[in-house]
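Novice: Need a 3D model of the following:
(2 chains)
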Amino acid sequence: GAGVSQTPSNKVTEKGKYVELRCDPISGHTALYWYRQSLGQGPEFLIYFQGTGAADDSGLPNDRFFAVRPEGSVSTLKIQRTERGDSAVYLCASSPDRGEYNEQFFGPGTRLTVL
Amino acid sequence: AQSVTQLDSQVPVFEEAPVELRCNYSSSVSVYLFWYVQYPNQGLQLLLKYLSGSTLVESINGFEAEFNKSQTSFHLRKPSVHISDTAEYFCAVILKAAGNKLTFGGGTRVLVKP
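Specialist: Numbering: from 1, shown residues only, chains lettered A, B, ... in the order given. Sure thing, here's the model as predicted:
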């Protein structure tokens, strides 16, 4: 079946611009996660959705970052007034919600470059 | 807060030689432990996991990892590597009963040489 997809695969923008990154989770997965992977580092948690609501947004670095999941499926990560330090690969993952642990399946990521 | 440390950022190894990737974690509560692999130009894939039970876990492609609670370690080993094992490997934890978010280490890049 189809895995997690992310669009665009690459995004180049200028400092100060607004960007939106999209994640399509695996059909039927109720949980959705965003992570950010800066060059040479491991992924860092940003936000986690259970259905339509953000269950944990403790990883969002500041109020320029916002994410939505209005219908409990597709999610959009929004970054306002982008800065060069926002350059990274943004990863999305989804999982079912059947118990204490649920395996997360990752998408290929969106590489964001802020010039 | 929990943290994950991978002591080696890069590990060059010859084909058919053994490899060990070290991972230590710190947490005040019980954790689930994972190794993820990222092959060149591909997404993150789960390699193996420890949830409970036997402390030695294995993957389908010959990797194994052992959970050592006293040393808070979860080192990854393979007795004989292939060229196709060239990838970046990430150790990660999830705090039990605290949601499903992963905390990753910095990664270890394995380069297998012929």
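
Novice: Contact residues of chain A facing chain B?
Specialist: Within reach of chain B by Cβ under 8 Å from any Cβ of the partner chain, chain A has these residues: A:4, A:31, A:33, A:35, A:40-45, A:48, A:55-56, A:59, A:91, A:93, A:95, A:100-104, A:106-109. Heads up, the C-betas are built off the backbone N, CA and C, glycines and all.

Novice: Please work out which residue of chain B is closest to chain A.
Specialist: Nearest residue of chain B to chain A (Cβ to the nearest Cβ) works out as B:Phe104 at 3.4 Å.

Novice: what's the spacing between that residue and A:Phe45?
Specialist: Taking Cβ to Cβ, to the nearest Å as the measure, B:Phe104 falls 8 Å from A:Phe45.

Novice: Give me the pLDDT for the residue of chain A most remote from its centre.
Specialist: For chain A, the largest distance from the centre (Cα atoms, centre = their mean) belongs to A:Gly99, which lies 22.7 Å off. What the model reports as pLDDT for A:Gly99 is 75.

Novice: intersection of neighbour lists for B:Phe104 and A:Phe45?
Specialist: When contacts are counted by Cβ atoms under 8 Å, 6 or more residues apart in numbering or on different chains, the set common to B:Phe104 and A:Phe45 consists of A:Tyr35.

Novice: Helix, strand, or coil at the residue lying closest to B:Asp85 once chain neighbours are set aside?
Specialist: Closest residue to B:Asp85 apart from its sequence neighbours, by Cβ to Cβ, 6 or more residues apart in numbering or on different chains: B:Val112 at 5.4 Å. The assignment at B:Val112 comes out as strand when based on DSSP: H, G, I helix; E, B strand; the rest coil.
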